[in-house]
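**Q** sequence-free structure coming up:
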């Protein structure tokens, strides 16, 4: 056998099927797209769970349960070990949202900031005085900062401010009545007035 007699195995290389070449091309007159409609046009795509226009399955099924996604709180998390290692806080000083952004420990002010109490391995206490004024500080971080002579002032989140929660006091219970609590108090007042045979007027 000569080298020019060696050929590729039959079927190893398959020629590409070209569309739009007429009914004799083997792919049909309409190139496999059918006649008219959105599917025959270019640039179309069907969204997930599209059922041709009829009511899709996920909308036919009843909804139940609750998700907390709409009320999730997102924080920029900063550990004490990151603050200690940063040249901006090597000698202590004031730690705020703005100073953390300037030091490169926080990307931007799109989220609230929370300080965590992790220190470098083998280190059990802080050796610098930090005056922290951020949205949240965990209890271990607060203890480490205050033991080193620093101070902590939690600004709180928007949710804290709406609920009337003071993060810096011993009593962190909500001080503002919610709509549900107000409605419950109103219903109770009406029931008490009805029991006395009086009509209750909301003041």
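**A** Cool, got the structure. As the structure is a computational prediction, the values presented were derived from the model and not from experiment.

**Q** so how far is residue 84 from residue 193?
**A** Remark: distance between residue 193 and residue 84 (Cβ to Cβ, to the nearest Å) = 62 Å. Every C-beta, even on glycine, is put in place using the N, C-alpha and C of the backbone.

**Q** so the two - more neighbours on which side?
**A** residue 84 (17 against 13; other Cβ atoms under 10 Å).

**Q** wasn't the more buried one part of a helix?
**A** Yes - using DSSP: H, G, I helix; E, B strand; the rest coil, the assignment for residue 84 is a helix.

**Q** just checking, it touches residue 126?
**A** Yes - counting by Cβ atoms under 8 Å, residue 84 touches residue 126, with 7.0 Å between them.

**Q** next up, the contacts around the spatially most central residue of the chain.
**A** With distances taken as Cα atoms, centre = their mean, residue 74 lies nearest the centre of the chain, 5.9 Å away. Shown in contact with residue 74 (Cβ atoms under 8 Å, 6 or more residues apart in numbering): 111, 112.

**Q** what bits of the chain have low per-residue confidence?
**A** Scanning the chain for pLDDT under 70 picks out 177-178, 203.

**Q** all strands for it, in order.
**A** 75-79, 93-96, 112-116, 130-134, 136-137, 151-154 (DSSP state E).

**Q** what packs against the fifth one?
**A** If I follow you right, that is strand 136-137. strand 112-116, strand 151-154 (3 or more Cβ pairs under 8 Å, 6 or more residues apart in numbering; DSSP states H and E).

**Q** same check on the second one?
**A** Under the contact definition 3+ Cβ pairs under 8 Å, 6+ apart, strand 93-96 sits against strand 130-134.

**Q** buried stuff in the strand it packs on?
**A** 130, 132, 133, 134 (16 or more other Cβ atoms under 10 Å).

**Q** from the residues you listed, which is closest to residue 19?
**A** When these are compared for distance to residue 19 (Cβ to Cβ), residue 134 wins out at 61.3 Å.

**Q** dump the residue contacts of that closest one.
**A** Contacts of residue 134 (Cβ under 8 Å, 6+ apart): 95, 96, 97, 100, 112, 113, 114, 115, 154, 155.

**Q** kind regards, and thank you for your time.
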